[in-house]
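Asker: predicted coordinates and the sequence they were generated for:
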Amino acid sequence: MRTDQLISTFVEYYEERGHRRITGSTLLPPPGDPVLFTTSGMHPLTPYLEGRPHPLGKRLVNVQRCLRTTDLDEVGDATHLTVFEMLGTWSLGDYEGPRSLDWGYGLLTEGLGIDPGLLHATAFAGDDRTGPDTASVEVWQRLGVPVELTVEDNWWSNGPVGPCGPDSEFFLWSGDGPPQSTPTRDDRWVEVWNHVTMTHRRLDDGSLVPLPQRNVDTGLGLERLASLLQGRSSVFECDVFDPWRRLVPALWTLDEPSLRLVCDHLRSVVALLGDGVRPANTGRGYVLRRLLRRVLTVLRQGQAPSHGIGDLPDELIRHTLDHFRQDMRPSEVRRTLIDEEQRFGRLLERGRGVLARPRFRGPLTEEDFHYLHDTHGLPRELITGLREE
């Protein structure tokens, strides 16, 4: 099942159950929001989760593109991406967690044909402030799905204050042979879908008070589930990355981890540019610039690359812009890539001069790394690379 088929199956399933599809927002949160990027499907819906009536009603479904920088060091493994899409459903004071889990189980097993024997669940075990999520446990027991109880892994919160509550998660077995162990003990169990029942609000002092409106918020990673349904070993092998895996190796000779990072970061850069972000030394623009410089640092490892990032094929740029429904000309994207590569070249020359100073010829301390970054704009990975020349 291709990702576009997965999206339509998901949306239609929930539309049949009274959900209205809403248009996903860009990667940029609304004005006044303190975060840099949209990090989850629920992010744009925060006012409605807080109690404001939504114009389309109490049951919603959508597809939301997201960007997370907290996982940058994990990009290149089997499951993490910088820009990804989240399939989401919401109950705004309507049904609660058990019905959400029932429907989720039905979609995975009947709608998508997943063998129920390959599923495992987790649920909140309870702590000294709130009791265990017995309602979810009862659903799993009735469905015959094994369930593991945890505390920290199954309590969701939207930051240090605000709505929070227990979550119950679907895991899908990705290993060879019959499933073994549990999700916390075997990473072959891959988390695919999180169902949060927002029952409380955390106050400034850390205390919890019940919410007058209990919501359900679910999020399912599109590329992660697609890779599993397509029998692929990583998200970088699902159909979204087919053109990238076909065309990028013709430009640069890369090992698998480097190929994944380059594809992920360049695709994320195109998506950011398509949503209006431009390179800068602070804020969103710095994230874009950092992604590009991580790519350029990887490409120059070992020897100077034969192609620059400005040689990225139009097909890849257009594929990404079309996928995220963005209106931007590939030539504009290419112009930014070339400008940033030239800027990076000047940074390299300056960095070589700085690192040649007597102060930096020996082993570098953390204080040195901070100084070189804050004063000269040299990130750690670039410093390491320059010192190995």
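Answerer: Right, received. Where do you want to start?
Asker: can you show me the helices along this protein?
Answerer: Under the criterion DSSP state H, helices of the chain are mapped to 3-15, 46-49, 97-106, 134-143, 222-229, 242-247, 256-274, 283-299, 314-323, 330-355, 366-376, 380-387.
Asker: these into JSON lines, with extra columns for mean pLDDT and distance to Thr23?
Answerer: Just so you know, the C-beta spots here come from the backbone N, C-alpha and C atoms, and that holds for glycine as well. Below are these laid out as JSON lines (pLDDT from 0 to 100; distance: least, CB to CB, whole Å):
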{"stretch": "helix 3-15", "mean pLDDT": "97", "distance to Thr23": "12"}
{"stretch": "helix 46-49", "mean pLDDT": "84", "distance to Thr23": "14"}
{"stretch": "helix 97-106", "mean pLDDT": "97", "distance to Thr23": "22"}
{"stretch": "helix 134-143", "mean pLDDT": "97", "distance to Thr23": "30"}
{"stretch": "helix 222-229", "mean pLDDT": "95", "distance to Thr23": "16"}
{"stretch": "helix 242-247", "mean pLDDT": "96", "distance to Thr23": "26"}
{"stretch": "helix 256-274", "mean pLDDT": "96", "distance to Thr23": "16"}
{"stretch": "helix 283-299", "mean pLDDT": "93", "distance to Thr23": "21"}
{"stretch": "helix 314-323", "mean pLDDT": "96", "distance to Thr23": "16"}
{"stretch": "helix 330-355", "mean pLDDT": "93", "distance to Thr23": "23"}
{"stretch": "helix 366-376", "mean pLDDT": "89", "distance to Thr23": "39"}
{"stretch": "helix 380-387", "mean pLDDT": "82", "distance to Thr23": "37"}
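Asker: right, and those helices - which one's nearest Gly162?
Answerer: Taking CB to CB, helix 46-49 is the member of those nearest to Gly162, at 8.1 Å.
Asker: and that closest one, what does it pack onto?
Answerer: strand 83-92 (3 or more CB pairs under 8 Å, 6 or more residues apart in numbering; DSSP states H and E).
Asker: each with direction, which strands does the strand it packs on pair with?
Answerer: strand 59-67 (antiparallel), strand 208-221 (antiparallel) (DSSP bridges).
Asker: give me whichever of the ones you listed is most buried.
Answerer: strand 59-67 (a mean of 22; mean count of other CB atoms under 10 Å).
Asker: before we move on, the earlier item: and of the helices of the chain, who's closest to Met198?
Answerer: helix 46-49 (6.5 Å).
Asker: redo the helices of the chain as TSV? Include mean neighbour count and distance to Ser174.
Answerer: Shown next, in TSV, are the helices of the chain (neighbours: other CB atoms under 10 Å; distance: least, CB to CB, whole Å):
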stretch	mean neighbour count	distance to Ser174
helix 3-15	17	17
helix 46-49	18	32
helix 97-106	20	18
helix 134-143	17	20
helix 222-229	23	6
helix 242-247	15	19
helix 256-274	22	17
helix 283-299	20	27
helix 314-323	18	25
helix 330-355	16	34
helix 366-376	13	37
helix 380-387	16	30
